[in-house]
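No sequence on hand, only this structure:
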């Protein structure tokens, strides 16, 4: 919290620009509004279950594929942060 309160306001205002607000509107609010306006269809209970099952499978597969890197992070944890 202290880091937020001790922020130099002139430094922050230097990052704010019209280009930033256009970027937020075009890539944030506009796609969100378009997704909001898409009508939803009622689906069976099977579809969400299969989607969750697929996500769990992808997560486990990617974790196992990167298992050899876990020891590297443990070994270099002091230097990473």
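In hand now; what should we look at? All values derive from a computational prediction rather than experimental measurement. Residues are numbered from 1 along each chain as shown.

Every contact and neighbour count from this point should use C-alpha atoms.
OK.

where does the chain dip in pLDDT?
Applying pLDDT under 70 to the chain picks out residues 1, 73, 79-81.

go with 80
1-7, 43, 68-81 (pLDDT under 80).

what's the distance between stretch 18-26 and the middle of its chain?
Using CA atoms, centre = their mean, to the nearest Å, the mean C-alpha position of stretch 18-26 is found 19 Å from that of the whole chain.

what does stretch 34-45 give?
Counting by CA atoms, centre = their mean, stretch 34-45 is centred 22 Å from the centre of its parent chain.

Can you get me the start-to-end distance on that stretch?
As for stretch 34-45, its first-to-last residue distance stands at 25 Å under the measure CA to CA, to the nearest Å.

Check stretch 27-40 too.
Across its full length, stretch 27-40 reaches 22 Å end to end, with CA to CA as the criterion.

Stretch 14-33 now?
Criterion CA to CA; first-to-last residue distance in stretch 14-33 is 29 Å.

now do stretch 11-19
Rule used - CA to CA; the end-to-end distance of stretch 11-19 is 17 Å.

number of nearby residues for residue 38?
8 (other CA atoms under 10 Å).

Geometrically speaking, which residue is the centre of this structure?
residue 28 (12.8 Å; CA atoms, centre = their mean).

now what about stretch 21-34, what contacts it?
Counting by CA atoms under 8 Å, 6 or more residues apart in numbering, stretch 21-34 has no neighbours from elsewhere in the structure.
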